[in-house]
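S.K.: curious how this folds, go ahead:
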Amino acid sequence: MTVKTSRIIIKTFVKTALKDADESPERCTRNLVDMALHFSKGRFQQEFFEMARTMLNNDNSPYYPLIEDTLRHMDKEKLIEFGMNLGYNGCTQGAHIVRKIKRTENINVPWLFFLNIDSSYADLHSRYQAIFDQGKELGIYVYCLYTDGDPEKLLPLIEHNPDCAMILLCNSAAVTEDFAKAAESLNNMLIGVAYDDNTDTACLVLRDHRLLYSIYRMYTDTESDEILSGSYARFAEEMHCPFVAVLADPGCSASVRKNVYKAVVGARVAQKYRTIPIDLFYDIERIGNIISPPSSIIGFKPDGSIYNIGSDGNPLEHNIFNESLRDILKESFSIDQES
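M.R.: Numbering: from 1, shown residues only. As a prediction, the model looks like this:
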């Protein structure tokens, strides 16, 4: 069976299961998890869906009303397409390519990476499409895009890569009616809204347009209390967010990072909130270690330079606009170099 055929079959099963969603979201969810376990071949998928089934054995789980609300108020075609790109293209077929490259070329390819994009650049397609093409050749089908400018300028790039799961992180003030209207045609994107004074307004706009969205916040040592106390997650509940994400500021201490991640995992396992807590660094790293250890997390700044991620304690000096992604990974994240 070809990859394309497998994807079509799985997508058909998902669409069929979702037909019962409005009448019985609980049964629909259990059926989807059971189906996913049946099709899951990799370690990550099996571990994830086994955990999901265990959680859903709790009839009082707040995840049931979360799922019901998500299915009723977010576009189902977007949920299916983004989920297939993330779970099948990224964590199944993409992961297979990642492991093959590790085995044959000794290159440790990440399953996801970050791109900080300057939206004011005149021709984003010519500047960035080659990066996505190179990434997909290496098995990378999941991307976190960030801009502190106009996120609407990034939508053509996202549209041009319909086989990728795109997580678009943006400032809440940039989430306007015009942006939401323009985003309606895209099915492969989840919008991450920054947590600030305008987040509630932005979430209401996205909900009205039935888009996939959640909120995220970057925290420092002095800003972790709101996360640890649970007030940040409770705000995400009010905003009807499927996920509530955190990301440590580069200057944040290791001890605070660990405390926050411990709280995130504890709340998730205990099912404390009607939203799923995620740590954008540690959870991405954990998934990477399941797919192809040791996990590496990389990102690129608007000028193309690599984020200040160390290799054996030394800063990395590479630029995605001057070098191929494969060469950057080969030089900085080869297995021989890390061993």
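S.K.: what's the pLDDT at Met252?
M.R.: Actually, residue 252 is Cys. It isn't Met. We have a pLDDT of 93 for Cys252.
S.K.: is it in contact with Val246, as I believe?
M.R.: No: using Cβ atoms under 8 Å, Cys252 makes no contact with Val246, being 10.3 Å away. All C-beta spots, glycine's among them, are computed from the backbone N, C-alpha and C.
S.K.: between these two, who's got more neighbours?
M.R.: Set side by side, Cys252 and Val246 show more neighbours around Val246, with 26 against 19, by other Cβ atoms under 10 Å.
S.K.: so the more buried one sits in a strand?
M.R.: Yes: under DSSP: H, G, I helix; E, B strand; the rest coil, Val246 falls within a strand.
S.K.: wait, it touches Asp283, no?
M.R.: No: counting by Cβ under 8 Å, Asp283 is not a contact partner of Val246; they are 9.7 Å apart.
S.K.: mutual contacts of those two, please.
M.R.: Common contact partners of Val246 and Asp283 (Cβ atoms under 8 Å, 6 or more residues apart in numbering): Val264.
S.K.: that older thread, overlap in contacts, Cys252 and Val246.
M.R.: Tyr219.
S.K.: low-confidence ranges in this protein?
M.R.: Low-confidence segments of the chain (pLDDT under 70): 1-10, 13-27, 30-33, 35-49, 51-53, 55-56, 308-315, 335-339.
S.K.: can you give me the strands in it?
M.R.: 112-116, 142-147, 165-170, 189-194, 213-219, 243-248, 276-279, 299-300, 310-311, 314-315 (DSSP state E).
S.K.: please name every helix or strand in contact with the first one.
M.R.: Taking 3 or more Cβ pairs under 8 Å, 6 or more residues apart in numbering; DSSP states H and E as contact, the helices and strands that strand 112-116 lies on are helix 124-137, strand 142-147, helix 282-291, strand 299-300.
S.K.: turn those into CSV, columns for distance to Thr54 and mean neighbour count.
M.R.: Formatted as CSV, the helices and strands packed on strand 112-116 follow (distance: least, Cβ to Cβ, whole Å; neighbours: other Cβ atoms under 10 Å):
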stretch, distance to Thr54, mean neighbour count
helix 124-137, 33, 16
strand 142-147, 25, 21
helix 282-291, 17, 19
strand 299-300, 33, 20
